[in-house]
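for reference, the sequence and a predicted model appear below.
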Amino acid sequence: MPGPRRLYGLDVTLHAGERHVGGGSSHNPNARDLGARGVPTHQRTMGRSFRDFVALTAFARGEDEAWCERLRAQGGIVLMCDGLQFEDRSPVLYLAWDALSGEPLFGERKLYRGKEDLVPLLEGVRDMDVPVIGTVTDKQKGLVPTAKDVFPGVPYPSCHSHLLRSCAKPLEADTRALGQAARRRADEVRRLGRQVAKGGDSEAEGADEADGLSEQELVRQRAELVQVNSRVSGKAPLKPPELNRHERIEQLRAVVDEARKSGARSTARSKDGPCSTS
């Protein structure tokens, strides 16, 4: 089972399994493909991930009576169920686990996701004869009626992530506009940085004697910072990437504005000359 000592999560497990089972690709090409996507791994790791995938497709720890007794001793379970899919044409890997202990109970790989296909999965949880305190799923069309039918009367809230996303839906247009604005500003700064770089070298007039940086070099560095911060991520919906990028660029603009004001004050003092005292 993938656990805290594993280097990779279920996305890599699905990649190793579906590419091998569905696409007939061996572990070595799969490892190279992940490496090209920025996930360095090895053929042996792909082999372990594939074994995890096979185990999850027919996982039935909930049938272990000793384990069921432990769950009864903790007072019952909060059932969570969700489906993971490698790509649109792949079967869905459904997992049912207990939120209180964090332990998986059942897993099945299903080609279809309708109510009649998911009932056996949740009936397996019901047949454990362990009190179900509550059930939590996303709003997937097949899971919602299945959970309500198999566990009638059991509290059934939505998961916090999907609830918050629903609350944040009215802000989608605003966050999208912020993201577009951040991209436009980053593009403008990149063009400015290129123009300034062509206009003079790093030893041109205007270099700061303290650190040896010219105005051209400072502009280039600020432009790079804007580019980096225009691509930062975030965690929606409380901290969407678009808002994060906007705030980062605003912070950089505040720094540049303060530096410009400080430079203007220094220039004014130098023109006025040293203050004289009587």
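Ah, there it is. Numbering: from 1, shown residues only.

contacts and neighbour counts: CA atoms only from here.
Fine.

buried ones in the strand of greatest length in the chain?
Determined from DSSP state E, the single longest strand within the chain is strand 77-85. By neighbour count on 16 or more other Cα atoms under 10 Å, the buried set for strand 77-85 is 77-83, 85.

where exactly do the strands run in the stretch 101-250 of the chain?
With strands called from DSSP state E, counting those that start in this stretch, the stretch 101-250 of the chain shows them at 104-110, 132-136.

quickly list the domain ranges of this protein.
1-57, 64-160, 171-263 (automatic domain parsing).

need those domains in JSON lines (columns: mean pLDDT).
Below are the domains of the chain laid out as JSON lines (pLDDT from 0 to 100):
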{"stretch": "domain 1-57", "mean pLDDT": "77"}
{"stretch": "domain 64-160", "mean pLDDT": "87"}
{"stretch": "domain 171-263", "mean pLDDT": "73"}
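
what about the residue nearest to R19 when sequence neighbours are not counted, which SS state?
Leaving aside its sequence neighbours, R19 sits nearest to S25 (Cα to Cα, 6 or more residues apart in numbering; 5.6 Å). Secondary structure, DSSP: H, G, I helix; E, B strand; the rest coil: S25 is coil.

how many neighbouring residues does D98 have?
Using other Cα atoms under 10 Å, D98 has 20 neighbouring residues.

tell me who's in contact with it.
77-80, 104-105 (Cα atoms under 8 Å, 6 or more residues apart in numbering).

still on that earlier bit, out of the strands of the stretch 101-250 of the chain, deepest packed?
Each of those was scored by mean neighbour count; the highest is strand 104-110, a mean of 21, by mean count of other Cα atoms under 10 Å.

quick one: the helices in this structure?
Secondary structure of the chain (DSSP state H): helices at 10-21, 27-36, 43-57, 65-73, 115-126, 143-150, 160-168, 172-199, 215-229, 241-272.

could you dump those to a markdown table with distance to L93 and mean neighbour count?
Putting the helices of the chain into a markdown table (distance: least, Cα to Cα, whole Å; neighbours: other Cα atoms under 10 Å) gives the following:
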| stretch | distance to L93 | mean neighbour count |
| --- | --- | --- |
| helix 10-21 | 8 | 20 |
| helix 27-36 | 19 | 17 |
| helix 43-57 | 7 | 19 |
| helix 65-73 | 23 | 14 |
| helix 115-126 | 11 | 17 |
| helix 143-150 | 13 | 18 |
| helix 160-168 | 19 | 13 |
| helix 172-199 | 30 | 16 |
| helix 215-229 | 36 | 19 |
| helix 241-272 | 28 | 14 |
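
would you list those helices in a markdown table and tack on distance to A96?
A markdown table is the format used below for those (distance: least, Cα to Cα, whole Å):
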| stretch | distance to A96 |
| --- | --- |
| helix 10-21 | 14 |
| helix 27-36 | 27 |
| helix 43-57 | 11 |
| helix 65-73 | 14 |
| helix 115-126 | 8 |
| helix 143-150 | 11 |
| helix 160-168 | 17 |
| helix 172-199 | 31 |
| helix 215-229 | 38 |
| helix 241-272 | 30 |
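
and those helices: which comes nearest P91?
Closest approach to P91 among the helices of the chain (Cα to Cα): helix 10-21, 8.7 Å.

what sits up against the closest one?
2, 25-27, 30, 46-47, 49-50, 52-54, 85-86, 90.

equivalent analysis for stretch 32-42, please.
28, 31.

measure it end to end?
8 Å (Cα to Cα, to the nearest Å).

just stretch 152-167 next, same as before
27 Å.

now stretch 64-83
One end of stretch 64-83 sits 23 Å from the other (Cα to Cα).

quick one: contacts of that stretch?
In contact with stretch 64-83 (Cα under 8 Å, 6+ apart) are residues 61-62, 92-100, 128-138.

quick one: the residue nearest to G234 when sequence neighbours are not counted and G76, what's the gap?
Leaving aside its chain neighbours, G234 sits nearest to P241 (4.1 Å; criterion: Cα to Cα, 6+ apart). Using Cα to Cα, P241 is found at 38 Å from G76.

pretty sure L143 is touching L118, no?
Yes - with contact defined as Cα atoms under 8 Å, L143 counts as touching L118 (7.0 Å).

may I see the contacts of D98 organised as TSV, with distance to V39 added?
Listed next are these as TSV, based on distance: Cα to Cα, whole Å:
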residue	distance to V39
I77	35
V78	33
L79	32
M80	28
P104	26
L105	29
